[in-house]
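1. Sharing a model that was predicted from the sequence below.
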Amino acid sequence: MKVACLLFCLLGLSLASDKVFGTRTIENTPASWKHMGAADASHPISFMVALEQHNLEELESLFWDVANPESANYRNFMSIEDITSLVAPPVKVQKKIMRWLVDNGAEQLENHGDTIYAKSTVAVASKLFNTEFSVFEHVETGKRIVRQFGEFSVPHHFAKHIHFVSGLSEFPTPRFNLKKSVSKPETLVAIAPPSIEVIYKTHNAKITGNSSAGVIEFEDQYYSPSELATFAKQFGVDIPALTANHIIGTNDGSNPQTEATLDIQYILGVAIGSKGWFWIENDNVWLYGFANHMFTTKDVPLVNSISYGWNEEQQCQDGIGGAECQTLGVDNTEYVKRVNTEFQKLGLRGITLISASGDSGANGRTDPDCSESHLNPVFPGASPYITSVGATQISSTSGKANLPNPPPGCSGQNCASAGVEECVSYDQAGFASGGGFSKIAPIPAHQRTAVANYFKSGVKLPQKSYYNPDGRGFPDVSAFGSNILIYTTGSIQSVGGTSASAPIFAGIVTYLNDYANVKTGKPLGHIAPLLYKMAEEHPAAFTDVVTGDNKCTEDGCSSSCEGFYAAKGWDPVSGLGTPVYSEMLKYIEKKL
C-alpha cells in the first residue's frame, strides 16, 4: 500500500477573536522537506473549506438501507443534489462563508453545500487566514511546493461553521515501494491475467453495458498509456485506451510509477472491455479531498480501487502529518469520521469503493518491530463504508503452470493455472496482509454473524487488550497479492502487495456490476453487505482461505509480533475468501 500525502487536518483552538487552525514550524515540518523562505505573493493557492454537516444519523441510515440486499430500498440510490441538501448547513451559513471568502479576494469559488472549493494567490490566502506562506524543497528530488507557515486562523464568527480547512498545509510523503516478489523456491508460480481468468473463473465473463472501472492515485503516481497497451498485448487481453475525459487530474505518461502501473493494468486486465478511468489527486490532497472531489463530480467510474492507506489512528500523525498532530491538538478521529461520511455519500450515489487492507500485518507499518502493546488497523481499509481486500498467494508446493494457450508475457514466467491459495506470508511474499478490527468504527450489522463465528471458532487470538472486538472487522475478502506480473520500464516484472489484490477484486466486481446495470439499470453500490449475504446463502461463491496469519510486518516477524490466524469462514486475514466469479454471478442472477 502507498501512503498518499501528509495530512494536516487542523481543527484548532479558540482565541478571543480568531480560531487558530494550526501552526507550522521548522520543528514540525517533515524531515524530507527543507524550508527555503517566503513564497512569491502571486503564487496560486487552492484550498477546500469543510463546513459543519447536518443529519449525519439519517445519512448513515439511508446508506445502510440502500446497501442492504434484504431491504425494500435496496439500490434505490440518491442524486448528488438530494444527498447534499440532506447534509449541508443552512443556505444562509453557506452564503456567509462564501461572502467572507469573496470579500477577501478568493476566486473561482465552487459551493458544494457542505464544502467550498476556492482559489487565490499567496497574498490573498495570507490575508484570509492571517498567515504566511513559504517555499519548501524536497531534499532528495528537489521538488518545490508552497505551504502555509506559522499560525493560520479564521475569524471566530466564521470559524464556528467550519470543520476544517484542507489544502494549505498538507505535505506529500515518500512513496513505499511495492514488494519485489521472491524468486525462490523454484516451484513458485506467477500471476497474470490468464491465471485470474482460469482460477477465479472469469473466462466467460463479458462486459455488455456501460460499465466503468477506475483507479485512485495520489502523490505523482502516473501511468503510461503505451505500457498499458503493451501489457494488454503481452497477456492477450483487450484493454481499450483511456479517453481524455476519463483521466481526472494530470497524468504524466512519460514518468510512469509502479503503483499506478499495477493498478491500471490489473483492474482493466481483469475487467476486460470495461471503460477505464484514471483518477489522480494533487499533492495536497488525501482521502477527504479525494472523496469530496468524487462526490461532487457528476460523471465518475462506478467501481473504484484504492491501493493506499495508513494507520487508522494516525491519519494526522507519523507518516502522514508528523508530530504536529500532538503539538497542535489535531483530532484524528474527527478526520476519519469526516472521511467516512464522504464515503457514505458516495455509496448513496451507487458508487463502489474497494480498498487494499495493508501490507504490514495486524501490527501495521507504524509499528514494524511490534514494540507496541496494541495492533494498528489501517485506514481506509478498516472503514465499514468501503470493501476491504487482503492478499493471498499460491502455496509453493501446489502451484501448477499449465495454461492451455499461454500468452507471450508468460514466456519463462511460470504463469499459474491452478494451486492452493493461502494468506500471503513474509517468507514467500515479503509481507503479511493487514487485517483486524477498527478502533473507531463499530461493527456493521451485516458482519456480526461472521465475526461472532470467528471468535467462537477456537482459533488462537491476540491478547484481548490489543484489539477492539466490537469494531468493524476487515478485510472483507481477498485476492492474489504475490508474484503479480506487470509490464513496466521495458520488461515484465513481478511485484506484490494488497495493492495488487484491490484492483484484481475490483475487476471482478466490475463484471458483477455490469450484469446488474444491464438487467436492472442500477449498479450494485456498496457491495460488502451483498457479499456477506452471498457467502451465507451460496458458499461456493468464495474459496475459503484457511491457512496463514498476519503476525509479521514488512520488516519481518519478531517474537513480540501479535496477529490473527485464518480460519474456516470469515477471518481478519483473508475475509470471506477469494472470488469464484461464475458462482457469484449465479447468485446475483437469482437475487436481482
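-> Done, it's in.
2. C-terminal to the least confident helix or strand in the chain by mean pLDDT, what's the next element?
-> Across the helices and strands of the chain, the lowest-confidence element by mean pLDDT, DSSP states H and E is helix 324-327, at a mean of 32. Helices and strands here follow DSSP states H and E; after helix 324-327, the next one along the chain is helix 332-348.
3. Go through this protein and flag its longest helix.
-> helix 498-520 (DSSP state H).
4. following the longest strand belonging to the chain, which helix or strand comes up?
-> Counting residues, the longest strand in the chain under DSSP state E turns out to be strand 144-155. The first helix or strand that comes after strand 144-155 along the chain, using DSSP H and E, is helix 156-159.
5. which of the residues in that following helix are buried?
-> Buried residues in helix 156-159, defined by neighbour count with 16 or more other CB atoms under 10 Å: 158-159. All C-beta atoms are positioned from the backbone trio N, CA, C, and that covers glycine.
6. For it, list the C-alpha coordinates in CSV.
-> The C-alpha coordinates for helix 156-159 follow below in CSV (Å, rounded to 0.1, in the frame of the first residue of the first chain):
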residue,chain,number,x,y,z
HIS,A,156,-14.2,33.3,15.3
HIS,A,157,-17.7,34.2,13.9
PHE,A,158,-16.9,32.3,10.7
ALA,A,159,-14.9,29.5,12.2
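7. Mind giving me the packing neighbours of that helix?
-> Where contact means 3 or more CB pairs under 8 Å, 6 or more residues apart in numbering; DSSP states H and E, helix 156-159 is packed against strand 18-24, helix 91-103.
8. Of all the ones you listed, which one is nearest residue 562?
-> With CB to CB as the criterion, residue 562 lies closest to strand 18-24 of the helices and strands packed on helix 156-159, at 34.7 Å.
9. CA-only coordinates of the very next helix or strand once past that closest one in PDB, if you can.
-> Counting by DSSP H and E, the next helix or strand C-terminal to strand 18-24 is strand 33-38. C-alpha atoms of strand 33-38 as PDB (Å, rounded to 0.1, in the frame of the first residue of the first chain):
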ATOM      1  CA  TRP A  33      11.300  18.900   3.200                       C
ATOM      2  CA  LYS A  34      13.600  21.900   3.700                       C
ATOM      3  CA  HIS A  35      12.300  25.400   4.400                       C
ATOM      4  CA  MET A  36      13.500  27.700   1.700                       C
ATOM      5  CA  GLY A  37      12.000  31.100   2.600                       C
ATOM      6  CA  ALA A  38       9.000  33.200   1.800                       C
END
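10. how near is residue 241 to residue 219?
-> 24 Å (CB to CB, to the nearest Å).
11. and what of residue 370?
-> On the measure of CB to CB, residue 370 and residue 219 end up 27 Å apart.
12. what sits against the residue nearest the centre of the chain?
-> Here the mean C-alpha position of the chain is nearest to the C-alpha of residue 306 (CA atoms, centre = their mean), at a distance of 3.2 Å. Residues near residue 306 by CB atoms under 8 Å, 6 or more residues apart in numbering: 216, 353-356, 380, 386, 502.
13. Can you select the buried ones from those in ChimeraX?
-> Selecting only the buried entries of the contacts of residue 306 in ChimeraX, with 16+ other CB under 10 Å as the criterion:
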select :216,353,354,355,356,380,386,502
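14. Among the contacts of residue 306, which one sits closest to residue 189?
-> When these are compared against residue 189 (criterion: CB to CB), the nearest one is residue 502, at 21.1 Å.
15. hey, what's the nearest residue to that closest one once chain neighbours are set aside bridged with?
-> In space, and not counting its chain neighbours, residue 502 is closest to residue 356: 4.1 Å by CB to CB, 6 or more residues apart in numbering. Residue 356 has these beta-bridge partners by DSSP bridges: residue 389.
16. gap between residue 356 and residue 408?
-> Taking CB to CB, one finds residue 356 at 29 Å from residue 408.
17. go on, residue 31?
-> 45 Å.
18. do residue 528 as well
-> Taking CB to CB, one finds residue 528 at 37 Å from residue 408.
19. If you average pLDDT over each of the helices and strands packed on helix 156-159, which is lowest?
-> Per-stretch mean pLDDT for the helices and strands packed on helix 156-159 is lowest at strand 18-24 (a mean of 76).
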